[in-house]
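Visitor: Next one to model:
(one chain, ligands or ions: 1)
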Amino acid sequence: MCTRATNKVLHGVLKQLKSQSNVTFARSVYYLNRPNLQPIRTQLATFEGGSVELEMDNSSGIAVLTLSNPRRLNSMTGKMMVDMADCVGELELWKEGKGLIMCGEGGNLCSGGDLTFVRKALHYGEEMAAYQHDTLTRLLNLPLISVALVQGHTLGGGAELSTACDYRVMSPSAKIGFVQIKMGLTTAWGAATRLTRLLGRRKAIDLLCSARILLPSAAFHEGLVDYVIPRICDDELQETKNWLMRNFCNYDTSIMRAIKSLVVNADLSMDMSVALDNERKLFAQTWGGPVQRKALDANIKHK
Ligand SMILES: CCCC(=O)SCCNC(=O)CCNC(=O)[C@H](O)C(C)(C)COP(=O)(O)OP(=O)(O)OC[C@H]1O[C@@H](n2cnc3c(N)ncnc32)[C@H](O)[C@@H]1OP(=O)(O)O
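Guide: Take a look at the predicted model:
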């Protein structure tokens, strides 16, 4: 990975840190090399149907990204891909963000690419994939904690979407499966890369080549899913918010966002020395900073 560009980005971030009380996250190198996606964006927007909506709650710091094409199990059209990219753009500017939940309207996350759209877009495969790769990489790199709420039939591209979040929470009645091989496809939206990093080569090959449909217990056992919602729960979105808040949102937002950005930078296959250098410099900005002092003061009071 280009260390010169990384150092340039980091230098800018550290300069910012010196002038600000809050810790600022280091924008990953990914942002420096993005392709021109305007032509395919224009094309995708012509494939109508459904929408993707974003709700950002500044008081809780939790946003909800909802796929809405309920009559077709929230399968994704070209227009929905453009909507999702725009929502991710808004989230990249959201400084108060702590967490994000991706879900689907009507109790189904996403049953993959909308097959009508898929048939019409057969001439745009590589460009469509590049567009969705860009959106999902930016989603995964957001300086907040993202969770996919896996409900209903989460298949093909829908299963791929779920791997573009930091975590997956699954409804007890949901199914998830990477069925692309049955469609004569490899993964269109980046899940082979993300699954290999997430679960390792053996499990990635297994899930992608078997096209197995996993029930919650198997998905949790494989490590694909991080929490299975109890059957007694009657509001799965609220339960997912509660899980997110109690696990990741207990401390200062700016520090949590900085930690997420460190993990993103390390994951972007920067070599160890650069990643550790980045981690040490950012840590040095928090050590003795206002947030740590406040925590220390609070602790001293408790002694
Ligand atoms: C570009 C990325 C690569 C891909 O993702 S390729 C697409 C991969 N996904 C699939 O192949 C899933 C296709 N859908 C199915 O197999 C079944 O609908 C599924 C999910 C098992 C659910 O089966 P059922 O519970 O029987 O429900 P159903 O079939 O009656 O579906 C209800 C309505 O939703 C529609 N639907 C479901 N998945 C869709 C899709 N991917 N594209 C377009 N329409 C889709 C389905 O046609 C039906 O609508 P309608 O009642 O026929 O008008």
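
Visitor: Show me the helices in the stretch 201-303 of the chain, by range?
Guide: Counting by DSSP state H, counting those that start in this stretch, the stretch 201-303 of the chain has helices at residues 201-210, 216-222, 236-248, 253-267, 272-286, 290-302.

Visitor: Up against the ligand, what does the stretch 1-150 of the chain have?
Guide: Proximity of the stretch 1-150 of the chain to the ligand is confined to 72-73, 75, 111-116, 118 under the rule C-beta under 6 Å from any ligand atom. (Each C-beta comes from the backbone N, C-alpha and C, glycine too.)

Visitor: Can you pick out the most distant pair from these?
Guide: 73 and 118 (13.9 Å; C-beta to C-beta).

Visitor: before we move on, which element is residue 148 in?
Guide: Secondary structure from DSSP states H and E places residue 148 in strand 145-150.

Visitor: Past that strand, which element shows up next along the chain?
Guide: Next helix or strand after strand 145-150 toward the C-terminus (DSSP H and E): strand 153-155.

Visitor: who's in contact with that next one?
Guide: Strand 153-155 has contacts (C-beta atoms under 8 Å, 6 or more residues apart in numbering) with 73, 108-112, 161-162, 174-179, 213.

Visitor: how does it look with 6 Å?
Guide: 73, 109, 111-112, 175-177, 179 (C-beta atoms under 6 Å, 6 or more residues apart in numbering).

Visitor: After it, which helix or strand is next?
Guide: helix 157-162.

Visitor: What's the mean pLDDT across that next one?
Guide: Mean pLDDT, computed over helix 157-162, is 97.

Visitor: what does stretch 230-244 give?
Guide: Averaging pLDDT along stretch 230-244 yields 97.

Visitor: which of the contacts of strand 153-155 lies closest to the ligand?
Guide: The ligand has its nearest neighbour among the contacts of strand 153-155 in residue 112, at 2.6 Å by C-beta to the nearest ligand atom.

Visitor: shouldn't the closest one be in contact with residue 157?
Guide: Yes: Residue 112 lies in contact with residue 157 (C-beta atoms under 6 Å); the separation is 4.2 Å.

Visitor: tell me the contacts of residue 159?
Guide: Neighbour list for residue 159: 176, 178 [criterion: C-beta under 6 Å, 6+ apart].

Visitor: same check, this time on residue 166
Guide: Applying C-beta under 6 Å, 6+ apart, the residues near residue 166 are 145-146.
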